[in-house]
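[1] Fold the following, please.
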Amino acid sequence: HHVQNELGILPQVNQRRQAVGQTEANQLTVRLELQADCLSGVWARAVEGALEPGDLEEALNAAKQIGDDTLQRRAGRVPQPHTFTHGTSEQRQRWFALGFETGDARQCDTFGRERL
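    Alright, predicted model coming up:
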């Protein structure tokens with residue numbers, strides 16, 4: 001989130017979250033988190049030579065394990081999309097992969113996308 005703070009994205013999102021209801025605030029948080037996943041992928045691409053074998057698979061697996069749907073299922077609950085704050089496992093992996101494949105932070109505009 002450090003990069004998002006530097007770009008002024010974090011303060012804008014925080015301000016907007018305070019002005020809307022809980023469900024919409026959660027949706028904004030999901031967009032923020034998926035953008036962070038994508039930016040992590042961009043960073044991983046930039047330091048690719050310094051990564052150990054298996055680091056990329058580990059990052060993708062971590063994204064999968066902390067998807068809201070996966071966490072809610074693991075807790076024995078039916079996933080409730082309106083309560084999500086990080087995105088689904090599939091979304092988290094896909095946005096990280098997009099950042100890694102393109103190496104381009106401009107591709108990480110989760111706020112400009114209708115579908116995540």
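[2] Might you list the low-confidence residue ranges for this protein?
    Nowhere does the chain drop to pLDDT under 70.
[3] contacting residues for the residue lying closest to Gln80 once chain neighbours are set aside?
    The shortest distance from Gln80 to any non-neighbouring residue, by Cβ to Cβ, 6 or more residues apart in numbering, is to Gln72 (6.7 Å). In short, each C-beta sits where N, CA and C put it, glycine included. Residues near Gln72 by Cβ atoms under 8 Å, 6 or more residues apart in numbering: Val78, Pro79, Gln80, Thr83.
[4] how about a cut-off of 10 Å?
    Taking Cβ atoms under 10 Å, 6 or more residues apart in numbering as the criterion, Gln72 is in contact with Val78, Pro79, Gln80, Pro81, Thr83, Phe84.
[5] And the helices in this structure?
    Using DSSP state H, the helices of the chain run over 2-6, 9-19, 22-46, 55-65, 68-74, 89-102.
[6] want to throw the ones you listed into TSV with distance to Arg115?
    Formatted as TSV, the helices of the chain follow (distance: least, Cβ to Cβ, whole Å):
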stretch	distance to Arg115
helix 2-6	21
helix 9-19	19
helix 22-46	11
helix 55-65	18
helix 68-74	16
helix 89-102	10
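[7] Out of the contacts of Gln72, which end up buried?
    In the contacts of Gln72, burial by neighbour count holds for Phe84, counting by 16 or more other Cβ atoms under 10 Å.
[8] farthest-separated two in the contacts of Gln72?
    Val78 and Phe84 (12.7 Å; Cβ to Cβ).
[9] who touches both of these two?
    The contact lists of Val78 and Phe84 share Asp69, Gln72, where a contact means Cβ under 10 Å, 6+ apart.
[10] what's near enough to touch the most centrally placed residue in the chain?
    With distances taken as Cα atoms, centre = their mean, Leu34 lies nearest the centre of the chain, 1.8 Å away. For Leu34, the contact set (Cβ under 10 Å, 6+ apart) comprises 63, 86-88, 91-92, 94-96, 98, 108, 110-111, 113, 116.
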